[in-house]
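Enquirer: any chance you could fold what I've pasted below:
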Amino acid sequence: MTNVADVPESVRALLLTLADGQLILPYSVVQEIISWREPDALPEGPDWLLGVIPWRRWKLPVVSAERLAGSEFTAPARKAHIVVCSLLTGDEEMPCVGILTQNVPQLVRADAETVALPGEMVEKPWAAAQLLYNGAYSWVPDFQALAGALPRPSLT
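Expert: Numbering: from 1, shown residues only. Predicted coordinates:
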């Protein structure tokens, strides 16, 4: 059980704007933010997997946050970026995933004044948590479920 004294008063987070809401990521999972580059397509992958790009010594899978949220895909804009996030699995062959965002993500502080639980939960595939950030519906991706759904043989 977590002691109340161990819970931080605020958490640094990265806010990504989507077509129908926001994606909020704990800043601790963010490895890097890179400019958009077209990934190499993987025809056998799910529709939310845009492909892979070379990143450091790995082939980084790049996913569409809109498709993960069950929305229509929006083609990358001029200001599009890829947010590289740790999958938190300890897998050395595929430690991270890239999430397409249309704009430069915003660094924010999540605290009791900015975060609330929504009165009504909206079904979102791949959501580990749902909340309201400054009154706007937001979700936190389920990185472990995402890691389990990524096609492994194509990424090596």
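
Enquirer: could I get the average pLDDT for the biggest helix by length in the chain?
Expert: In the chain, ranked by residue count with DSSP state H as the criterion, the top helix is helix 143-149. The predicted model gives helix 143-149 an average pLDDT of 89.

Enquirer: pull the residues that contact it.
Expert: Identification of contacts with helix 143-149 by Cβ atoms under 8 Å, 6 or more residues apart in numbering yields 29, 46, 63, 68, 85-89, 91, 94, 97, 126, 128. No exception for glycine: its C-beta is placed from N, CA and C like everyone else's.

Enquirer: would you show me how to pick out the buried ones of those in ChimeraX?
Expert: For the buried members of those, the matching ChimeraX selection, counting by 16 or more other Cβ atoms under 10 Å, is:
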select :29,63,68,85,86,87,94,97,126
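
Enquirer: the contacts of helix 143-149 in strands, which ones?
Expert: Applying DSSP state E to these, the entries found in strands are 63, 85-86, 97, 128.

Enquirer: going by distance to D20, which of the contacts of helix 143-149 wins?
Expert: L68 (11.9 Å; Cβ to Cβ).

Enquirer: contacting residues around that closest one?
Expert: Applying Cβ under 8 Å, 6+ apart, we find L68 in contact with 48, 125-126, 141, 146.

Enquirer: tell me how far it lies from L60.
Expert: 16 Å (Cβ to Cβ, to the nearest Å).

Enquirer: what's the answer for R12, then?
Expert: Distance of R12 to L60, given as Cβ to Cβ: 23 Å.

Enquirer: can I get the ones in strands among the contacts of helix 143-149 in JSON lines with distance to A136?
Expert: Shown next, in JSON lines, are the ones in strands among the contacts of helix 143-149 (distance: Cβ to Cβ, whole Å):
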{"residue": "V63", "distance to A136": "22"}
{"residue": "C85", "distance to A136": "21"}
{"residue": "S86", "distance to A136": "25"}
{"residue": "V97", "distance to A136": "24"}
{"residue": "A128", "distance to A136": "18"}
